[in-house]
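S.K.: turn this into a structure:
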Amino acid sequence: MSKRGRFGDPFCFLPTRAAFLLSLVNPQQPSPQHFIPTQLSLLVIPQRSGGICFRTFAPPCHHTQLCPHSADKPPVSTSTSALPEPFSAAVFLPGDVSARRLGLQIARIAPHFRIALLMGEPGTGKLTAAREMHRLSPVGRGSFASLDACAFASGDSGELAHRTPGTVYLRGLDRSPLNCQTALLERLDSSARHLRIIVAVESDLRGLVASGRMLQALYERVGALSIRLMPLRERRESIDVIASSMLESLTPSAWFSALALGRLREHPWHGNFNELWQLVEQVAGLTGEITANQLPLRAPEPSAPPALRLEEVIERHVVDVVQRCSGNKLRAAELLGISRSTLYRMLEATTHN
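M.R.: Reported below is the predicted structural model:
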């Protein structure tokens, strides 16, 4: 009924057993070269006779030396113009609730998306998330390239004309001019179906649309499937394990004291993972317990005063002028350029408020 070969050879079945197997693997009739979930590591190939063949394959590995199939097949070349983020392991750190939630979002979207949007502040791991989406997608064994949005819109994609399946990671869309956005919208509409596009932005695109700095049509095109990467200040409960994991990867003989971890949790982390990784790199030369005093943290900047209503600003100014005039309301009215009766009304309103 079937023929079993070495890794990569197909398993072929007659029509009677094919129908039964498909009901277990995929309830819908697969199209040619249809990928079922990557965890199964199977490629379904329907036959004209009504039978099917299952060809085994292995998902791409991040480290070729750890891939069990590397001896059977040469590694697939991946063209890229961006190096992996040094803190990439922390983005999907096991045991971190936020990392697990992000992983589930990516696993749900990756097999089906054609265009997806990643939103997050600088240093939140957008490139790492995009690489994971590419790895889990049907084109995961194809090329991955990081390009400027305007360069892609103008057709300047270098060697990546993408005649073969692959993923393009577009950055800088939220900083691009409107003429570039128009060209990008046309390019997205005409791009090949086997091309996956991941757009990464740092700004709220809805705000850009509202202010006229982004085309509504382009936002609707790229924002249908979106994932927001949380900044570290919203993941304070995870900073202990993230920082300790980073430190252990560089210096296994060092650890943070309890007070040091407390300081790390309190820090605002405007640079997110990138800023935390740079701090860990600076203390990686130390051994033993790393105290709070050894952390190269700058003092937090004073927060800006809250914005006041115009009415409150005027009231405060009037009271200040009256006090500087030692309660002389006639003199205060002259300095303010208003009548004394107007000054009295304003002071009465201030007292009432």
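S.K.: please report how far the closest residue to Leu117 other than its chain neighbours lies from Gln278.
M.R.: Of all residues not flanking Leu117 in the chain, Ser226 sits nearest, at 4.0 Å (C-beta to C-beta, 6 or more residues apart in numbering). Every residue, glycine included, has its C-beta placed from N, CA and C. According to C-beta to C-beta, to the nearest Å, Ser226 and Gln278 sit 28 Å apart.
S.K.: about what we covered before: mind listing what the residue nearest to Leu117 touches?
M.R.: 116-119 (C-beta atoms under 8 Å, 6 or more residues apart in numbering).
S.K.: would you list every one of the helices in the chain?
M.R.: According to DSSP state H, the chain carries its helices in the segments 15-25, 88-91, 97-109, 126-136, 149-153, 178-190, 205-210, 216-222, 236-250, 258-266, 272-283, 310-324, 329-336, 340-352.
S.K.: tell me which of the ones you listed lies nearest to Ala292.
M.R.: For these, proximity to Ala292 was assessed by C-beta to C-beta; helix 258-266 is nearest, at 4.3 Å.
S.K.: what are the buried residues along stretch 98-117?
M.R.: Buried residues in stretch 98-117, counted by 16 or more other C-beta atoms under 10 Å: 98-99, 102-103, 105-106, 109-110, 113, 115-117.
S.K.: swap that for stretch 191-198, please
M.R.: Buried, per 16+ other C-beta under 10 Å, within stretch 191-198: 191, 195-198.
S.K.: cool, stretch 119-137 as well?
M.R.: 119-121, 123-137.
S.K.: next one: it to chain centre, how far?
M.R.: Chain-centre distance of stretch 119-137: 5 Å, with C-alpha atoms, centre = their mean, to the nearest Å.
S.K.: cool, and stretch 260-274?
M.R.: Worked out by C-alpha atoms, centre = their mean, stretch 260-274 lies 19 Å from the chain centre.
S.K.: touching that stretch from outside, list them.
M.R.: 85, 87, 90-91, 121-125, 231-233, 236, 239-240, 242-244, 256, 275-276, 278, 290-292, 294-295, 297, 300.
S.K.: which among the residues you listed count as buried?
M.R.: By neighbour count, with 16+ other C-beta under 10 Å, the contacts of stretch 260-274 hold 85, 87, 90-91, 121, 123-125, 231-232, 239-240, 242-244, 256, 275-276, 290, 295 as buried.
S.K.: still on that earlier bit, next one: the residue nearest to Leu117 from Glu315, what distance?
M.R.: For Ser226, the distance to Glu315 - C-beta to C-beta - is 44 Å.
S.K.: got it, and Gly125?
M.R.: Gly125 is 47 Å from Glu315, by C-beta to C-beta.
S.K.: swap in Ser154?
M.R.: Applying C-beta to C-beta to Ser154 and Glu315 gives a distance of 55 Å.
S.K.: between the two, which one's more packed in?
M.R.: Set Ser154 next to Glu315 and count neighbours by other C-beta atoms under 10 Å: Glu315 wins out with 18 against 13.
S.K.: mind checking pLDDT for that one?
M.R.: Each residue has a pLDDT score; the one for Glu315 is 81.
S.K.: quick check: closest non-adjacent residue to it.
M.R.: Excluding the flanking residues, the one nearest Glu315 by C-beta to C-beta, 6+ apart is Thr350, at 4.7 Å.
S.K.: isn't that neighbour right up against His317?
M.R.: No. The pair Thr350 / His317 is not scored as a contact, 10.6 Å apart, by C-beta atoms under 8 Å.
S.K.: if you count what's nearby, which of these two comes out ahead?
M.R.: Under the criterion of other C-beta under 10 Å, the comparison of Thr350 against His317 puts Thr350 first, with 16 against 11.
S.K.: tell me the contacts of that one?
M.R.: 315, 318-319.
S.K.: again with Ser88
M.R.: Contacts of Ser88 by C-beta under 8 Å, 6+ apart are 125, 128, 131.
S.K.: nearest to Arg345, of those?
M.R.: Within those, distances to Arg345 taken as C-beta to C-beta reach their minimum at Gly125, with 57.8 Å.
S.K.: ok, now which ones touch that closest one?
M.R.: With contact set as C-beta under 8 Å, 6+ apart, Gly125 has these partners: 85, 87-88, 90-91, 229, 272-273.
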